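Q: sequence and predicted model, in that order:
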Amino acid sequence: MSETELLSYIMDELKKSGIVWRSDREIFNILIPNESWEKYKKSWYHWKKKSVKTFRKSKNIKEAISKTLGFDYHIWSSTQEKQKSTIKEAIKLYTQNQKSLIDLSDLMPQQSPLSKKQEQLLEKIKVSSVTKIKEILLNNQECLIQTLENQTFILTLLTFLYQNAFYDLLYELIFPALLPHNRSDKKIKIIEAHTLGIIKKPKYRQSALLLNSVKIDSDSQLIDIKTSAISNIRRYRLSNPNLNIQELKEILKAIIKHYHDTYIYDKRYHYYPAINLLYMIKLFQLIFKDDKEFSVIDISKIQADTKTSIQQDADSKEPEKVYYAKITELEIKMLIYENKIISREFGLLIEILNPSENLLNRTQRTMEEFLEIADRFCKDCENKLEHIKRVVNVFRDKKIQIN
């Protein structure tokens with residue numbers, strides 16, 4: 001069966017098993033609980049009508065359905081006989097599990113809507129500087145008490161502060177005000193983990209441990225979360241001021257191995273672990289010139305293998321994805337070819353994309369961490385690092401313009 005035919009078969013089998021739904025949106029949310037219906041409702045119409053055969057670029061949808069019903073992802077491309085037998089068994093188990101659940105949602109207390117005062121505070125906060133926001137919040141601490149009545153306000157505030165990179169405010173005032181059921185939500189845990197890794201006094205170990213505790217629903221999410229966790233451990237280990245050359249070598253070997261394993265996982269070759277892998281390989285090669293341990297990794301092949309994932313995000317309607325995809329493409333060129341004038345390409349791209357200061361900071365931080373270790377442990381690397389230092393200056397100049 002084609003992918004859309006298999007989706008139709010799944011829905012038929014669910015109905016036979018007594019699973020009921022009142023709308024397309026409801027069955028979508030049953031099968032794909034962590035994706036936005038609004039984003040996919042047009043596609044869903046074509047999938048349901050079988051006017052297309054595949055989900056095209058929506059591999060995450062197949063992953064989510066497989067995860068929900070508990071069958072192997074590769075069934076999507078298996079024989080019809082195998083598909084039918086597997087789906088029947090998976091839905092049988094799924095139905096049994098659903099029947100064993102007791103729904104208490106109608107008994108559970110609901111979070112309160114925003115009060116008039118909270119709405120007014122949010123309006124003030126949205127047009128204030130970070131210093132003024134902190135002052136507003138400290139003068140209205142009753143809105144930050146860890147109560148059910150405050151949760152809608154706190155969650156709304158959390159989204160705004162995170163989008164605007166006010167990480168230290170999140171760490172100091174917002175996360176402690178969340179009730180446990182909200183703070184343990186997967187999306188909130190990921191936001192808190194990223195926040196811990198980027199505050200003024202980063203908590204890299206805490207960030208990595210929190211990311212490692214997140215329940216992963218898809219292969220793409222696994223790659224993203226594991227790469228972030230590895231990066232936080234990397235920053236923690238390499239930030240040790242007493243780090244010696246032998247310790248550095250062992251750390252880099254371990255970090256490279258984990259980035260590489262994540263990069264080649266299921267042959268996804270995503271650019272996120274790839275660019276981190278490249279930075280660490282280049283660092284190792286600069287400092288330990290005579291050690292050929294990683295010479296078997298063809299770094300030029302990484303450029304070719306990441307083209308698909310880069311293009312997917314470069315075509316996205318989400319500015320942050322577009323930025324990361326296109327800036328990573330240039331970073332890969334910078335690390336592989338050591339082009340002396342690559343900084344001009346970065347400058348042009350930044351002007352075109354006009355990213356936020358937050359995004360510029362994240363990329364600049366990665367380059368500066370690379371340069372700091374290289375400068376510290378490689379005494380004859382000055383000429384080999386000049387092109388990267390020029391790129392860092394491009395980021396600094398752009399941030400001056402923003403401010």
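A: Received, thanks.
Q: ends of stretch 9-22, how far apart?
A: Stretch 9-22 has an end-to-end distance of 18 Å (criterion: C-alpha to C-alpha, to the nearest Å).
Q: who's in contact with that stretch?
A: Stretch 9-22 has contacts (C-beta atoms under 8 Å, 6 or more residues apart in numbering) with 1, 27, 30-31, 65, 69, 83-84, 87-88, 91-92, 94-95, 98. For glycine as for every other residue, the C-beta is placed from the backbone atoms N, C-alpha and C.
Q: report the buried residues of that stretch.
A: By neighbour count on 16 or more other C-beta atoms under 10 Å, the buried set for stretch 9-22 is 9-11, 13-14.
Q: returning to that earlier point: so which of the contacts of stretch 9-22 sit within helices?
A: Residues of the contacts of stretch 9-22 located in helices (DSSP state H): 27, 30-31, 65, 69, 83-84, 87-88, 91-92, 94-95, 98.
Q: ChimeraX command to pick out the buried ones of these?
A: This is how ChimeraX selects the buried members of those, with burial counted by 16+ other C-beta under 10 Å:
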select :27,30,31,65,69,83,84,87,91,94,95
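Q: thinking again about what came up before, just name the closest of the buried residues of stretch 9-22 to residue 349, please.
A: Nearest to residue 349 out of the buried residues of stretch 9-22 is residue 10 (C-beta to C-beta; 42.8 Å).
Q: that closest one sits in which helix or strand?
A: Under the criterion of DSSP states H and E, residue 10 resides in helix 3-16.
Q: can you list the ones in helices among the contacts of stretch 9-22 in CSV and add distance to residue 159 and pLDDT?
A: Listed next are the ones in helices among the contacts of stretch 9-22 as CSV, based on distance: C-beta to C-beta, whole Å; pLDDT from 0 to 100:
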residue, distance to residue 159, pLDDT
27, 28, 93
30, 26, 91
31, 26, 92
65, 28, 93
69, 31, 92
83, 40, 92
84, 43, 92
87, 38, 92
88, 42, 91
91, 36, 90
92, 40, 88
94, 32, 86
95, 36, 83
98, 31, 73
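Q: what ranges of the stretch 51-200 of the chain fall below the confidence cut-off?
A: 99-105 (pLDDT under 70).
Q: what about the strands in it?
A: Assigned by DSSP state E, counting those that start in this stretch, the stretch 51-200 of the chain shows no strands.
Q: pretty sure residue 41 sits against residue 23.
A: No. Using C-beta atoms under 8 Å, residue 41 makes no contact with residue 23, being 10.5 Å away.
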